[in-house]
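Peer 1: quick check, what structure comes out for this input:
(chains A and B)
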Amino acid sequence: MVEARKKRNNNVSDYSSIVHSETFQKLLSEKRKFIVPMIVFFLCFYFALPILTSYTTVLNHSFIGSITWAWVFAFLQFVMTWVLCMVYSKKARKFDEMADKVMEERGEAES
Amino acid sequence: MNTAAFSMFLVIVFVTLIITYYASKKTSNASEFYTAGGGLTGWQNGMAIAGDYMSAASFLGIAGAVALTGFDGFFYSIGFLVAYLVVLYLVAEPMRNLGKYTFADMIAVRFNAKKIRGFAAMNTIAISIFYMIAQLVGAGALIKLLLGLNYTTSVLIVGVLMTVYVIFGGMHATSWVQIVKAVLLMGGTLLISIIVLAKFNFSITGMFDQMKTATPLKEAFLNPGVKYKDGMDTLSLNMGLVLGTAGLPHILVRFFTVRDAKTARASVVFATWIIGIFYVMTIFLGFGAAAFVGTEKITGANAAGNMAAPLLAKALGGNMLFAFISAVAFATILAVVAGLVLTAASAFSHDFYNEILKKGKATEAQQVRMARYASIGVSVLSIILALGAQSLNVAFLVSLAFAVAASANLPVIIYTIYWKRFNTTGAIWAMTVGLISAVGLVLISPNVFSPVEGAAIFVGDPIFPYTTPGIVSIPLGFLAGYLGTLFSSQKADVKKYEEVLVKTNTGAGLG
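Peer 2: Okay, the predicted model is just below:
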């Protein structure tokens, strides 16, 4: 960890060769494959609530007693946010490892 | 004068000044002043983000909005929280890896043009001041109600305190005031929520049953549509809420107070838990106020419902709880305005003075001195504007700040990090069009023009029908960035983008 950071502080002026390395390209594509669908998902999930409440009354039906689906869906927005936070943290650890690998290779190439 | 409330206000002032005293000893150079030396831990920064973000508007405003409009008031809570997914997934880590002291630094890694830095700094100052006027006007009205001081004195007290925290303690003081405030706010809200739940015999279904008859709205209280009757208006509000946070400069600078992307990530996750739990509890505050204070008394104290939470505290726990919750509201205001002063002052002293005027060559002492002058300047300007706006309903300035952040800042942040072809023309177009369209549309919106006298600033028909500009201005900001890039003959600097890519994804070059 400390060594990885030391290497990061070394000369990294040649960004181009890092960008074109296989490991870095793999990191980028893995990130894209994870982040883009997740963003599309949570934005759809989020905007579904105001769209449904504005243009339909389906959420006004009872879930349990006086609690309607609108409140359930609203609460699910919180659950969704917390779950996606944890999912991101877990996935990001993998990206950290890949990023360390990119910098290690860089260090080896230089030495 | 309420002596209990007054004493608790004094305790808050005393504690925050002690924090400032200790912080001032550490505030020796520019890095300490702007970012607390980047030395905050994940949980500390997470608490500070929460303290920076949960403004009086959300504590007092949302509690009131839920109490008066039921479900529709809760939209704010949802939007304010889900916004953190945009922050976490797209913005927090790149911001840490690319920036140094200000949001403009991050864009300057790719486009080292003074024009761009100037525009970014100008947007930062504009957003922070809009937001601050709303907080100060609210603070003035609140302290007037709570302590019986007049409006001018109330604004001056808050104004002087925020200036003292920032000029002496910089980011150290600001962060710790925000952390203490977050603890107080969570504690106070949790306490009230438990008492409210106990009053409903800890039955959530029972609570909802009772709410059907507790307010003059009857069953409509629990259904959407009380406040937001126009679908496009609702969508516009939600768009501004969910996309605005990731472009708010006073939130973005918080990522420079930690040492690396991992800590930035951890702090966002921590903040999201705290902020989420808080916003869930706004249901109990709102329902409790509606049931145990009553609509009539809430609107009697303040038409917008801002007194709902303190009045609920009084109804539940008498004068002591009222005094405590009022002091929490006071601390909330102080923490938020201190963050705003620091952010706006940094944009002035770091971006305009050091980077543009001094070409990045000002000494540490000059930088800190200018940052302090800028803090005083920003505070004085905001206080004057807030005093002038006393009789105006300026709550909409909060949503305007969010809309400008989403329309002018977010497009530039996203394109800078993720779009290879993006160039300086695109950046300038996005920032200019985003700012002008958001502010322009608000100027002709129902917030400023209303046919009913007293409902808005001017009497007249609004030309723009929606209360928030987001649904038009956010796509316009993104479109302007895109078209500006395509129309410009200038070729993208591939080398610079490669640098951005490597730094963003690996943290290379970070100390």
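Peer 1: so in chain A, which helix runs the longest?
Peer 2: When chain A is parsed with DSSP state H, its longest helix is helix A:69-110.
Peer 1: surely B:L68 meets B:E296?
Peer 2: No: assessed by CB atoms under 8 Å, B:L68 is found out of contact with B:E296, at 10.8 Å. From N, CA and C alone the C-beta is placed, and that goes for glycine too.
Peer 1: who has more neighbours out of those two?
Peer 2: B:L68 (25 against 9; other CB atoms under 10 Å in any protein chain shown).
Peer 1: and the contacts of the helix or strand containing that one?
Peer 2: Element membership for B:L68 (DSSP states H and E) is helix B:63-69. Applying CB atoms under 8 Å, 6 or more residues apart in numbering or on different chains, the contact partners of helix B:63-69 are B:72-74, B:76-77, B:217, B:221, B:226-227, B:282-283, B:285-287, B:289-290, B:293, B:295, B:298-299, B:302, B:304-309, B:312.
Peer 1: how about stretch A:74-88?
Peer 2: So stretch A:74-88 is contacted by A:38, A:42, A:45-46, A:49, B:71, B:74, B:78, B:81-82, B:84-85, B:88-89, B:265, B:268-269, B:272-273, B:276, B:279-280 (CB under 8 Å, 6+ apart).
Peer 1: same check, this time on stretch B:325-334
Peer 2: With contact meaning CB under 8 Å, 6+ apart, stretch B:325-334 is reached by B:5, B:8-9, B:11-12, B:16, B:54-56, B:59-60, B:135, B:138-139, B:142-143, B:146, B:158, B:161-162, B:165, B:177, B:180-181, B:184-185, B:187-188, B:192, B:309-310, B:312-313.
Peer 1: buried ones among those residues?
Peer 2: Buried members of the contacts of stretch B:325-334, counted by 16 or more other CB atoms under 10 Å in any protein chain shown: B:5, B:8-9, B:12, B:16, B:54-56, B:59-60, B:135, B:138-139, B:142-143, B:146, B:158, B:161-162, B:165, B:177, B:180-181, B:184-185, B:188, B:192, B:309-310, B:312-313.
Peer 1: which of these fall within helices?
Peer 2: B:5, B:8-9, B:12, B:16, B:56, B:135, B:138-139, B:142-143, B:146, B:158, B:161-162, B:165, B:177, B:180-181, B:184-185, B:188, B:192, B:309-310, B:312-313.
Peer 1: before we move on, back to that, what mean pLDDT does the helix holding B:L68 have?
Peer 2: Throughout helix B:63-69, pLDDT has a mean value of 93.
Peer 1: contacts only, for the residue lying farthest from the centre of chain A.
Peer 2: Note on chain A: the largest separation between a C-alpha and the mean C-alpha position, by CA atoms, centre = their mean, falls on A:G65 (36.8 Å). By CB under 8 Å, 6+ apart, the contact set of A:G65 is B:205, B:208-209.
Peer 1: give me the pLDDT value at it.
Peer 2: Predicted confidence (pLDDT) for A:G65: 88.
Peer 1: flag the shaky bits of the stretch 201-350 of chain B, pLDDT-wise.
Peer 2: Applying pLDDT under 70 to the stretch 201-350 of chain B flags no residue at all.
Peer 1: and it, which of its residues are near chain A?
Peer 2: B:204-205, B:208-209, B:211-212, B:222-225, B:228, B:230-231, B:234-235, B:237-239, B:242, B:262, B:265-266, B:268-269, B:272-273, B:276, B:279-280 (CB under 8 Å from any CB of the partner chain).
Peer 1: out of these, which are inside strands?
Peer 2: With DSSP state E as the criterion, strands contain none of those.
Peer 1: in helices, which of these appear?
Peer 2: Of these, the ones assigned to helices by DSSP H are B:204-205, B:208-209, B:211-212, B:231, B:234-235, B:237-239, B:242, B:262, B:265-266, B:268-269, B:272-273, B:276, B:279-280.
Peer 1: B:E93 contacts B:T504, correct?
Peer 2: Yes: if you go by CB under 8 Å, B:E93 and B:T504 touch, sitting 7.5 Å apart.
Peer 1: so what's B:N319 up against?
Peer 2: B:2, B:4-5.
Peer 1: try B:A438
Peer 2: By CB under 8 Å, 6+ apart, B:A438 lies in contact with B:400, B:403-404, B:407-408, B:469-470, B:473, B:477.
Peer 1: ok, 6 Å please
Peer 2: B:403-404, B:407, B:469, B:473 (CB atoms under 6 Å, 6 or more residues apart in numbering or on different chains).
Peer 1: so it, which state does it fall into?
Peer 2: helix (DSSP: H, G, I helix; E, B strand; the rest coil).
Peer 1: same check, this time on B:A456
Peer 2: Three-state assignment for B:A456 (three-state DSSP): coil.
Peer 1: residues near the residue nearest to it when sequence neighbours are not counted, how many?
Peer 2: Closest residue to B:A456 apart from its sequence neighbours, by CB to CB, 6 or more residues apart in numbering or on different chains: B:S450 at 3.7 Å. By other CB under 10 Å, 18 other residues sit near B:S450.
Peer 1: and B:S450, how far from B:K361?
Peer 2: 51 Å (CB to CB, to the nearest Å).
Peer 1: quick one: pLDDT of A:N10?
Peer 2: 45.
Peer 1: before we move on, what about B:V196?
Peer 2: Looking at B:V196, its pLDDT reads 97.
Peer 1: what packs against the helix or strand containing it?
Peer 2: Per DSSP H and E: B:V196 is located in helix B:151-199. In terms of contacts (3 or more CB pairs under 6 Å, 6 or more residues apart in numbering or on different chains; DSSP states H and E), helix B:151-199 is packed against helix B:3-26, helix B:30-35, helix B:42-53, helix B:114-147, helix B:261-292, helix B:308-346, helix B:364-388.
Peer 1: run through who's touching the second one.
Peer 2: By that I understand helix B:30-35. B:26-27, B:37, B:101, B:170-171, B:256-257, B:346, B:364, B:367-368, B:371.
Peer 1: what residues does chain A put near chain B?
Peer 2: A:8, A:12, A:15-16, A:18-19, A:35, A:39, A:42, A:46, A:50, A:53-55, A:60, A:64-67, A:70, A:74, A:77-78, A:81, A:84-85, A:88-89, A:92, A:99, A:102-103 (CB under 6 Å from any CB of the partner chain).
Peer 1: which of those are buried?
Peer 2: Buried, going by 16+ other CB under 10 Å: A:8, A:12, A:15, A:18-19, A:35, A:42, A:46, A:50, A:53-54, A:60, A:66-67, A:70, A:74, A:77-78, A:81, A:84-85, A:88, A:92, A:99, A:102-103, out of those.
Peer 1: now A:S62: phi and psi?
Peer 2: phi -70, psi 140 (degrees, to the nearest 10).
Peer 1: how about the contacts made by it?
Peer 2: Shown in contact with A:S62 (CB under 6 Å, 6+ apart): A:T68.
Peer 1: at 8 Å instead, please
Peer 2: A:S62 touches A:68-69, counting by CB under 8 Å, 6+ apart.
Peer 1: again with B:A113
Peer 2: The contact partners of B:A113, by CB under 8 Å, 6+ apart, come to B:T424.
Peer 1: how close does it sit to chain A?
Peer 2: Distance, B:A113 to chain A, using CB to the nearest CB, to the nearest Å: 20 Å.
Peer 1: likewise for B:V196?
Peer 2: 16 Å.
Peer 1: next, count neighbours for the spatially closest residue to that residue that is not a sequence neighbour.
Peer 2: Computed as CB to CB, 6+ apart, the closest residue to B:V196 that is not its neighbour in sequence is B:G288, at 3.6 Å. Here the count is done by other CB under 10 Å, and B:G288 has 27 residues near it.
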